[in-house]
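**Student:** below is the sequence, then the predicted model.
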Amino acid sequence: MPKNTDHIRVTHAGSLPRTPELIAANAAKESNGLTPEFLELLEASVVDVVQRQKDLGIDIPNDGEYGHTMSSTVDYGAWWNYSFARLGGLEPTNVDRWAEAEERRSSPGNVVLTSFPDRRDRQAFNEAYNDPASGILTHRKSVAQPKIAGPLTYTGHDLVASDIRNLKTGLAAAGLTEGFVASLSPGSCARVANEYYKTDEELVYACADAMREEYKAIIDAGLTVQLDDPSLAESWDQINPEPSLEDYLKFIQLRVEATNWALRDLPQEQIRLHVCWGSWHGPHTTDIPFADIIGSVLQVNAGAYSFEAANVRHEHEWRVWEDTKLPDGKVIIPGVVSHATNVVEHPDLVADRIVRFADVVGRENVIASTDCGLGGRVHPQIAFAKLEALGEGARRATQRLW
């Protein structure tokens, strides 16, 4: 991963707000399919959002995840459910994670992963989660889940090619050369009902083999792939009862090893890993501490590590880098702007957060980012104001560091 040479570079974590026109076109696509009109709108929308990112001070933009299939009513789930359209071996069901909290047993030690309604955070704050006036975003608009009914295969070659082509068109139009495309990690890919694979290991490695084709396509095109992997941190809150830390680390070690299998022989400098504790707007009191999993995270063969560091439940964890050596040749991509509040961060606060990390790991090793994707988490006007604060905060941090 390239190092900073004369300024703090800026990126973000993935999803950006769709325009009303694009949301409407996605809804129509569910019945009309990929029409020439839709593809033309998609390309134009990506070109526009890449230029907008550049104008706001983003050095390493993406396509806003506009090419990822999403619900016609909400776009925050696109980071994950887009894969349903790109994998063979799935069958549709009527199961919604909110309608039926199906349990799935996973090794080691009969760890039980449950769906969103049974999060321990939700149990601890059940009254708040069930009060519409609380304003907690609870994924109640999630789409029905498919199930794995046969061997997983990757079928999204044309779709990822479209993602690549649109982003490269946008980069060229904006005069930029560096960009990234978000892609689902094997561990997060495996969080779907399974009626085919006999063991958790078989399932996760099947996901690794399938998703590798997408990673390779993005990298072969000269772009950076971002592996979205909330499964490493977020799964802790979905396991009931709470496991021992030893058992949990064994659970995510399988996901780390499968991810490295998927990344074998691929250049680390074009790979970044995104880890978060789940982007829903809740208390997050049952999140696992970053210090408990950072060793596992750093085992993933990526050139950069993206993680939440701006929301108030995890901001204090910048201190883990005082005790954890960043491996040689790697960089960190801390979130210094949060998706979890409508308050727009002051650029001086953003700069303070950046400088704090730079003082610990070196100014050349810090790329400023958002905690998670902003699309669907805050209003579009607020989302782009946050990106503006991010860009300006990085500029102010650069003045202090160079």
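**Tutor:** Sure thing, it's come through.
**Student:** in terms of pLDDT, where does the closest residue to His7 other than its chain neighbours sit?
**Tutor:** Using Cβ to Cβ, 6 or more residues apart in numbering and skipping residues adjacent in sequence, the residue nearest His7 is Thr398, 4.3 Å away. The way it works is simple: take the backbone N, C-alpha and C, and place the C-beta from them, glycine included. Thr398 carries a pLDDT value of 98.
**Student:** now do Asn126
**Tutor:** Confidence at Asn126, expressed as pLDDT, is 87.
**Student:** downstream neighbour of the helix or strand containing Gln253 in the secondary structure list?
**Tutor:** Taking DSSP states H and E as the criterion, Gln253 maps to helix 245-262. Using DSSP H and E, the helix or strand that follows helix 245-262 in sequence is strand 271-275.
**Student:** adjacent strands (with direction) for that next one?
**Tutor:** According to DSSP bridges, strand 271-275 forms sheet pairs with strand 224-228 (parallel), strand 304-307 (parallel).
**Student:** I'd say Lys54 and Pro61 touch.
**Tutor:** Yes: judged on Cβ atoms under 8 Å, Lys54 makes contact with Pro61 at a distance of 6.6 Å.
**Student:** what residues are shared contacts of those two?
**Tutor:** Here Lys54 and Pro61 have 174, 176 as joint contacts, going by Cβ atoms under 8 Å, 6 or more residues apart in numbering.
**Student:** neighbour count winner among these two?
**Tutor:** Comparing Lys54 with Pro61 by other Cβ atoms under 10 Å, the one with more neighbours is Pro61, at 27 against 18.
**Student:** now do the contacts for that one.
**Tutor:** If you count contacts by Cβ under 8 Å, 6+ apart, Pro61 has them with 11-12, 49-50, 53-54, 170-171, 174, 176, 179-180.
**Student:** cool, and Asn260?
**Tutor:** By Cβ under 8 Å, 6+ apart, the contact set of Asn260 is 299-301.
**Student:** try 10 Å this time
**Tutor:** With contact set as Cβ atoms under 10 Å, 6 or more residues apart in numbering, Asn260 has these partners: 186, 208, 299-302.
**Student:** any idea how far it lies from Leu171?
**Tutor:** Using Cβ to Cβ, to the nearest Å, Asn260 is found at 29 Å from Leu171.
**Student:** SS state for Arg356?
**Tutor:** Secondary structure, DSSP: H, G, I helix; E, B strand; the rest coil: Arg356 is helix.
**Student:** give me the pLDDT value at it.
**Tutor:** 98.
**Student:** number of residues surrounding the closest residue to it other than its chain neighbours?
**Tutor:** Leaving aside its sequence neighbours, Arg356 sits nearest to Trp318 (Cβ to Cβ, 6+ apart; 5.6 Å). Residues near Trp318, counting by other Cβ under 10 Å, number 19.
**Student:** re the thing from before, out of the contacts of Pro61, which sit inside helices?
**Tutor:** Among the contacts of Pro61, the ones falling in helices (DSSP state H) are 49-50, 53-54, 170-171, 174.
**Student:** any of those residues buried? List them.
**Tutor:** For those, a neighbour count by 16 or more other Cβ atoms under 10 Å gives the buried set as 49-50, 53-54, 170-171, 174.
**Student:** max pairwise distance over the residues you listed: which two?
**Tutor:** Largest separation among those by Cβ to Cβ: Val49 and Leu171, giving 11.5 Å.
**Student:** for stretch 361-370, buried residues please.
**Tutor:** Neighbour counts over stretch 361-370 (16+ other Cβ under 10 Å) mark 361, 363, 365-370 as buried.
**Student:** please apply the same query to stretch 233-244.
**Tutor:** Neighbour counts over stretch 233-244 (16+ other Cβ under 10 Å) mark 233-240, 243 as buried.
**Student:** so among these, where is pLDDT lowest?
**Tutor:** Where pLDDT dips furthest among the buried residues of stretch 233-244: Asn240, at 83.
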